[in-house]
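A.B. asks: Need coordinates for the below:
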Amino acid sequence: MKKYISLAAGFVLFAVSACTTSTPVADNATPTKAATPTATASEKPTEKPKDGKTPEVKTGDKPQSSNGWQDYKSSAGKFTVQVPSKPQEQSQEQKTNVGTIKLNMVISEASDSGYFVGYADFPNKIANPADVQKGLGDSVKGSVANLKGVIKSEKEYMLGDVPCRDFEASGKVQTTDVSMKGRFCLAGNRLYQVFALGAADKIAAADVDRFIKSFKIEK
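C.D. replies: Here you go, the predicted model:
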């Protein structure tokens with residue numbers, strides 16, 4: 001499972017980069033504090049911040065256990081989700097071409113598979129609502145490209161009034177065939193990335209669906 005962690009961070013990183021570089025932003029949006037690693041879809045992900053400091057790792061808000069699964073709530077991330085094991089939070093900061101971005105990740109592991117929620121705030125909101133799905137689509141492509149994989153399916157989705165994009169992909173990590181399934185959402189200027197990654201012959205489809213469907217954004 002450890003081999004998926006840095007790769008997953010790269011997925012989140014590429015998704016942020018793809019969405020910010022391909023979609024226009026509003027000039028009058030309110031800036032927010034942020035910071036995270038940045039790269040383009042053709043570059044290797046940066047696993048450590050430029051300052052050399054180890055990413056902050058901490059446990060999140062207290063989860064409640066239920067048959068091995070836990071209800072996890074992030075006050076800072078404003079979301080809830082069910083995860084198969086006690087999760088950890090990681091965060092990194094780094095300057096990007098659209099300003100300083102903070103990448104936050106929640107990571108849960110089970111059966112040699114990883115369940116991830118990442119979120120990052122852009123300095124501005126996307127100006128044209130019609131460009132949101134294009135930005136989400138570019139985020140999916142950038143993430144799957146980092147896996148050197150193939151998108152098997154993708155579709156638009158609305159989580160309440162928040163535009164999202166669901167997708168399934170396959171690829172390889174070293175010599176292992178892997179599956180990736182997730183949902184990327186853009187709520188205001190915050191990009192959420194919810195996805196599971198694991199060996200194709202081991203990752204449980206029912207668990208992945210439970211994880212993704214349980215994700216809720218709090219306002």
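A.B. asks: can you give me the strands for this protein?
C.D. replies: Counting by DSSP state E, the chain has these strands, from start to end: 56-58, 64-66, 69-74, 79-83, 88-96, 99-110, 113-121, 150-159, 162-173, 176-187, 190-199, 216-217.
A.B. asks: okay if I get those strands as TSV plus distance to residue 143?
C.D. replies: Quick note: C-beta positions are derived from backbone N, CA and C, even for glycine. TSV is the format used below for the strands of the chain (distance: least, C-beta to C-beta, whole Å):
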stretch	distance to residue 143
strand 56-58	22
strand 64-66	30
strand 69-74	21
strand 79-83	18
strand 88-96	16
strand 99-110	13
strand 113-121	10
strand 150-159	10
strand 162-173	8
strand 176-187	8
strand 190-199	8
strand 216-217	19
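A.B. asks: Report the separation between the two terminal residues of stretch 112-132.
C.D. replies: Taking C-alpha to C-alpha, to the nearest Å, stretch 112-132 runs 33 Å from one end to the other.
A.B. asks: Would you mark the buried spots in it?
C.D. replies: Residues of stretch 112-132 classed as buried by neighbour count (16 or more other C-beta atoms under 10 Å): 113-126, 131-132.
A.B. asks: Out of those residues, which one has the lowest pLDDT?
C.D. replies: In terms of pLDDT, the weakest of the buried residues of stretch 112-132 is residue 126, which scores 70.
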